[in-house]
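Enquirer: coords please:
(4 chains)
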There are 2 protein chains.
Amino acid sequence: MSPVAPLARVARPVDAVVERLRRDILDGRYPEGGHLPPERTLALGLGVSRLTLRAALARLEAEGLVRARQGDGVRVLELSQHGTLSVLAHLDLSRRPLVVRSFLELRRAVAVEAVALACERASDEAIAHLEALAEAQAREPDDAAYARRDVEFARQVLKASESFATLLVFNALVPVYEAHPALARALLADRQRSLAGYAATVALLRARDAQSARGLVRGALEAVDEAVLAALSPASAPARGVKAKRPKQPKPTKKRGAAR
Amino acid sequence: MSPVAPLARVARPVDAVVERLRRDILDGRYPEGGHLPPERTLALGLGVSRLTLRAALARLEAEGLVRARQGDGVRVLELSQHGTLSVLAHLDLSRRPLVVRSFLELRRAVAVEAVALACERASDEAIAHLEALAEAQAREPDDAAYARRDVEFARQVLKASESFATLLVFNALVPVYEAHPALARALLADRQRSLAGYAATVALLRARDAQSARGLVRGALEAVDEAVLAALSPASAPARGVKAKRPKQPKPTKKRGAAR
DNA sequence: TTGGTTTAGTGGTTAAACCAATGAGCCCCG
DNA sequence: CGGGGCTCATTGGTTTAACCACTAAACCAA
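Expert: Have a look, this model is predicted:
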């Protein structure tokens, strides 16, 4: 579409502070349950005003990373209890293969549900629109544009499923591979498989059979995810912990539509 | 546990502002894509300082509701594109039955995946711990304590599944029925079914059969969710839009463990 | 019409100061 | 000696007023 760069957002001081603190917290520099230094101290150390620091803390609080209490201080919350999906995009995934695996598992669960629900609820117009999107993908040479339309395809499936909460989860998944190009590349590396996935998805929606769609989508995505994990692990075994399950459905599904 | 109130968080001005703005936005008082009034004007109108208003806007920005751009203004983002799961807890669910339905669908998808993964990964100790939790529930007279331990049970299943991303989704689901007592009550209304669900979950984990667990958990939860939707809809038909699908598995599953 | 320049309006940041809640330690009283 | 209430240093919460930086639109000139 546009030959020029998409123009990244300018870095404001508050953004830098947010990222710095978030990294320090996620890296365990401030242990869970412990206190951050007092605002005045922290602001001085970071070279920003206390108010800018407070703006950053407000964002981190919304992400479920910290909690400020007047008179006490700023505590680091337990990620496993208060963390939100948004932290996924800020973890160093290259060092955490198990988190990548869990990301793919969540994506898979969302995709399976979305396609199944869409089988029951998608309008014929919506299905036709999806088919048009898929055909446009087949003629798309540019990788970035392909990736963008892949997200769009998934989002349309989600909308067709009429499941608002599931769509919100998807919104949180998108920034994850925007922040991790290697992951995004691995997911779309096999373009032939990707295209087959679009077609299979459209076919499943036309069939209107939610029950069998679940199994087919799951099977296809498990194969994709296994390949992705293998591609991402440096040179070791095919990604530890994945129990290698490849159903080999009768139909050559290759579905991967919904939770991209 | 504690006979006294759980000690609600004191209402700070910034919290009031956040809630007010969030409600105004979600109610459509500020249309998506449009601008909020300038900060100075808004602050004046709300009776707080501009800085307090800014702290509130920072939180709303983290929730994906608005986006501030220097020189331009504060724009209301499209919920379907940038909204996060946290908004679910702040919608007036009593007026949006379809959102409740989608919440249950997401919860179901998460629960199915969590139990299935836990089947493959849960340690024997973790399963024993879950069983102990379930037995404690059977002897729990207090509703609030019961609800609390129900969340704990689900969280332990999630942890046993070793799927970090899925756990993060769960963290976002908990505040939803904390904010909607009617929903929480409906979910735990049938205590006998709830207790049977715990037992069935433990049995499934012991069986170590992920594949069949998916079907059983899904079937049981679909029955639960249908009952919940019926209980929540005032007096009309059994909740519009739900296609009434009750697989009737051979085993009397009644599972409802994971995504409560 | 096109291109650059100006300008008004917007969010972004800072400073210093005061308010308010917390929790630990102290002191007094029993 | 023990318990209970109080004090106070510490910490986050809020305000004021001012200035900086960016954006978009209006304006003007080629």
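Enquirer: quick one, phi psi at the nearest residue to A:Arg12 once chain neighbours are set aside?
Expert: Among residues not flanking A:Arg12 along the chain, B:Gln70 sits closest, at 7.9 Å (CB to CB, 6 or more residues apart in numbering or on different chains). Backbone N, C-alpha and C define where each C-beta goes, glycine included. Torsion angles at B:Gln70 (phi, psi; degrees, to the nearest 10) stand at phi -60, psi 140.
Enquirer: what does A:Glu105 give?
Expert: In terms of degrees, to the nearest 10, the main-chain angles of A:Glu105 are phi -60, psi -40.
Enquirer: so how far is A:Leu117 from the nearest residue to it once chain neighbours are set aside?
Expert: Of all residues not flanking A:Glu105 in the chain, B:Ser163 sits nearest, at 5.0 Å (CB to CB, 6+ apart). Distance from B:Ser163 to A:Leu117, counting by CB to CB, to the nearest Å: 21 Å.
Enquirer: can I assume A:Val74 is in contact with A:His35?
Expert: Yes. Look at A:Val74 against A:His35 with CB atoms under 8 Å: they come within range, at 6.4 Å.
Enquirer: Compare neighbour counts for these two and give me the winner.
Expert: A count of neighbours by other CB atoms under 10 Å in any protein chain shown puts A:Val74 above the other of A:Val74 and A:His35, at 23 against 13.
Enquirer: Let me know the secondary structure of that one.
Expert: The assignment at A:Val74 comes out as strand when based on DSSP: H, G, I helix; E, B strand; the rest coil.
Enquirer: excluding its backbone neighbours, what's nearest it?
Expert: For A:Val74, the spatially nearest residue (CB to CB, 6+ apart) is A:Leu36, at 4.1 Å.
Enquirer: Verify the stated contact: that neighbour with A:Ala43.
Expert: No. With contact defined as CB under 8 Å, A:Leu36 does not reach A:Ala43; the gap is 11.2 Å.
Enquirer: still on that earlier bit, would you list the phi and psi of the residue nearest to A:Glu105?
Expert: Main-chain dihedrals, B:Ser163, degrees, to the nearest 10: phi -120, psi 90.
Enquirer: about what we covered before: comparing B:Ser163 and A:Leu117, which residue is more hemmed in?
Expert: Higher neighbour count among B:Ser163 and A:Leu117: B:Ser163, with 28 against 25, using other CB under 10 Å.
Enquirer: From A:Val100, how far off is that one?
Expert: For B:Ser163, the distance to A:Val100 equals 11 Å [CB to CB].
Enquirer: Same question for A:Arg50.
Expert: Distance, A:Arg50 to A:Val100, by CB to CB: 37 Å.
Enquirer: When these two are compared, which one has more neighbours?
Expert: For A:Arg50 versus A:Val100, neighbours defined as other CB under 10 Å are more numerous around A:Val100 (26 against 14).
Enquirer: Quick check: pLDDT value at the residue nearest the centre of chain A.
Expert: Centroid-nearest residue in chain A: A:Leu173, 2.3 Å away (criterion: CA atoms, centre = their mean). You'll see A:Leu173 listed with a pLDDT of 97.
Enquirer: ok, now A:Pro234?
Expert: At A:Pro234, pLDDT is 68.
Enquirer: contacting residues around the closest residue to A:Arg23 other than its chain neighbours?
Expert: Residue nearest to A:Arg23 in three dimensions, not counting chain neighbours: A:His90, with 7.5 Å by CB to CB, 6+ apart. Contact analysis of A:His90 by CB atoms under 8 Å, 6 or more residues apart in numbering or on different chains lists A:19, A:22-23, A:26, A:179.
Enquirer: Which members of the residues you listed are classed as buried?
Expert: Burial by neighbour count, 16 or more other CB atoms under 10 Å in any protein chain shown: within the contacts of A:His90 this picks out A:22, A:26.
Enquirer: JSON lines for the contacts of A:His90, including pLDDT and distance to A:Thr84?
Expert: Formatted as JSON lines, these follow (pLDDT from 0 to 100; distance: CB to CB, whole Å):
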{"residue": "A:Glu19", "pLDDT": "92", "distance to A:Thr84": "16"}
{"residue": "A:Arg22", "pLDDT": "95", "distance to A:Thr84": "12"}
{"residue": "A:Arg23", "pLDDT": "94", "distance to A:Thr84": "17"}
{"residue": "A:Leu26", "pLDDT": "94", "distance to A:Thr84": "13"}
{"residue": "A:Ala179", "pLDDT": "93", "distance to A:Thr84": "15"}
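Enquirer: Out of the contacts of A:His90, list just those in helices.
Expert: The helices, defined by DSSP state H, take in A:19, A:22-23, A:26, A:179 from the contacts of A:His90.
Enquirer: For those, please prepare a markdown table with the additional fields distance to A:Ser80.
Expert: Shown next, in a markdown table, are the ones in helices among the contacts of A:His90 (distance: CB to CB, whole Å):
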| residue | distance to A:Ser80 |
| --- | --- |
| A:Glu19 | 22 |
| A:Arg22 | 17 |
| A:Arg23 | 19 |
| A:Leu26 | 13 |
| A:Ala179 | 21 |
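Enquirer: ok, those residues vs B:Thr201, which is closest?
Expert: A:Leu26 (31.3 Å; CB to CB).
Enquirer: how about the nearest residue to that closest one, chain neighbours excluded?
Expert: Nearest to A:Leu26 is A:Leu91, by CB to CB, 6+ apart, at 6.0 Å.
Enquirer: Same question for A:Gly73.
Expert: Sequence neighbours aside, A:His35 is the residue nearest to A:Gly73 in space, at 4.5 Å (criterion: CB to CB, 6+ apart).
Enquirer: residues touching the one you found, list them.
Expert: Going by CB under 8 Å, 6+ apart, A:His35 touches A:72-76.
Enquirer: and which of the ones in helices among the contacts of A:His90 is nearest A:Leu221?
Expert: Of all those, A:Ala179 has the smallest distance to A:Leu221: 21.3 Å, by CB to CB.
Enquirer: residues near the residue in the stretch 1-150 of chain A that chain B sits nearest to, how many?
Expert: Going by CB to the nearest CB, chain B is nearest to A:Ala62 of the stretch 1-150 of chain A, at 3.3 Å. Neighbour count of A:Ala62, defined by other CB under 10 Å: 21.
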